[in-house]
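A.B. asks: quick one, structure for this:
(one chain, ligands or ions: 1)
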Amino acid sequence: MGGYYMKNITTRELFVAGTNTTTSSVMWAMTELVRHKEIMSKIAEELKKEIDTDKISDSQLSKLPYLQATIKEAMRLHPPVPLLLPHMAAENCEVMNYTIPKNSKIFVNLWAMGRDPKVWDDPLSFKPERFIGSKLDIKGQDFELLPFGSGRRMCPGMPSGIKSVQLILASLINEFDLVLPNDVDPMKLDMSDKFGIALKMETPLKVIFKSKE
Ligand code: HEM
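C.D. replies: The predicted structure follows:
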């Protein structure tokens with residue numbers, strides 16, 4: 001019974017860890033895309049050129065570098081887990097001349113790191129191009145960009161999480177034009193964050209999926 005209970009909790013936790021983060025990633029990327037129509041068109045062109053099937057499968061995602069760059073850029077400005085999960089220092093240590101005492105609770109502020117002008121050129125602009133031809137990746141080795149964390153406790157769902165986000169966005173852009181209702185000015189969308197374990201939008205995005213035919 002105890003074993004069954006533990007298994008049940010783990011399944012629920014995996015579900016929660018995987019859904020809110022994926023939703024946050026897709027919502028923020030879609031919001032940036034409706035604000036930057038030229039970027040959405042570039043992704044649509046890439047899809048037209050590279051995908052020759054009706055439905056997109058995950059084996060085709062590697063042919064879409066511009067889509068991948070766009071998602072990295074959305075995760076830089078809107079990290080789905082903005083403070084990572086709390087970590088604890090297992091022993092006293094020194095980091096950049098700061099002493100971190102044993103047992104301190106550590107939060108890593110990805111949100112601020114992604115907007116740091118010492119690290120990123122023109123940090124508040126949405127520019128997927130910054131990742132084209134760059135080796136910067138989200139696999140936990142490049143400390144400027146850690147949407148899935150790093151090290152032993154980094155997200156175990158990263159391979160499926162990133163593919164889901166890529167597949168959802170690619171499929172939506174392939175089939176639909178994303179249009180704002182009531183002639184809303186895209187540049188007037190409320191981009192305020194709603195902080196929590198997962199980063200939501202203060203005012204959720206409302207978008208119409210208009211069939212391309
Ligand atoms: C775009 C989607 C996702 C993002 C951005 C994301 C991000 C993260 C981040 C930042 C952490 C904390 C890492 C740290 O504190 O160092 C984490 C932990 C975790 N994630 Fe994900 N995640 C995603 C999808 C998923 C999926 C699909 C699953 C499972 C089905 C999953 C399961 C977990 C679990 C179990 C942990 C806790 C790991 C631990 O504490 O050792 N995640 N995730």
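
A.B. asks: could I get the buried residue list for the lengthiest helix in the chain?
C.D. replies: Longest helix of the chain, by residue count under DSSP state H: helix 2-35. Residues of helix 2-35 classed as buried by neighbour count (16 or more other CB atoms under 10 Å): 17, 20-22, 24-35. The way it works is simple: take the backbone N, C-alpha and C, and place the C-beta from them, glycine included.

A.B. asks: which helices and strands does it pack with?
C.D. replies: Here helix 2-35 is seen to pack against helix 37-50, helix 65-77, helix 158-175, strand 176-179, strand 200-201 when contacts are counted using 3 or more CB pairs under 8 Å, 6 or more residues apart in numbering; DSSP states H and E.

A.B. asks: who in the chain is up against the ligand?
C.D. replies: Residues of the chain found near the ligand (CB under 6 Å from any ligand atom) are 14, 17-18, 21-22, 25, 80-81, 84-85, 147-149, 153-157, 160-161, 165.

A.B. asks: buried subset of the residues you listed as a ChimeraX selection?
C.D. replies: Only the buried entries of the residues of the chain next to the ligand go into this ChimeraX selection, using 16+ other CB under 10 Å:
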select :17,21,22,25,80,81,84,147,148,149,155,161,165
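
A.B. asks: give me the angle between the longest helix of the chain and helix 65-77.
C.D. replies: Angle, helix 2-35 to helix 65-77, by axes from the mean of the first three to the mean of the last three CA atoms, to 10 degrees: 110 degrees.

A.B. asks: return the most buried member of the helices and strands packed on helix 2-35.
C.D. replies: Per-stretch averages of neighbours, counted by mean count of other CB atoms under 10 Å, single out helix 65-77 among the helices and strands packed on helix 2-35, with a mean of 23.

A.B. asks: after that one, next one along is what?
C.D. replies: strand 87-88 (DSSP states H and E).

A.B. asks: adjacent strands (with direction) for that next one?
C.D. replies: Using DSSP bridges, the strands paired with strand 87-88 are strand 105-106 (antiparallel).

A.B. asks: from the chain's centroid, how far away is the partner strand?
C.D. replies: Offset of strand 105-106 from its chain centre (CA atoms, centre = their mean, to the nearest Å): 23 Å.

A.B. asks: ditto for stretch 48-63
C.D. replies: 21 Å.

A.B. asks: show me the contact partners of that stretch.
C.D. replies: With CB atoms under 8 Å, 6 or more residues apart in numbering as the test, stretch 48-63 has contacts from Leu47, Leu64, Leu67, Gln68, Lys163, Gln166, Leu167, Ala170, Ser171, Asn174.

A.B. asks: let's go with 7 Å and repeat that
C.D. replies: Leu64, Lys163, Gln166, Leu167, Ala170, Ser171, Asn174 (CB atoms under 7 Å, 6 or more residues apart in numbering).

A.B. asks: which residues does the last one contact?
C.D. replies: Asn174 makes contact with Leu47, Ile51, Ile56, according to CB under 7 Å, 6+ apart.
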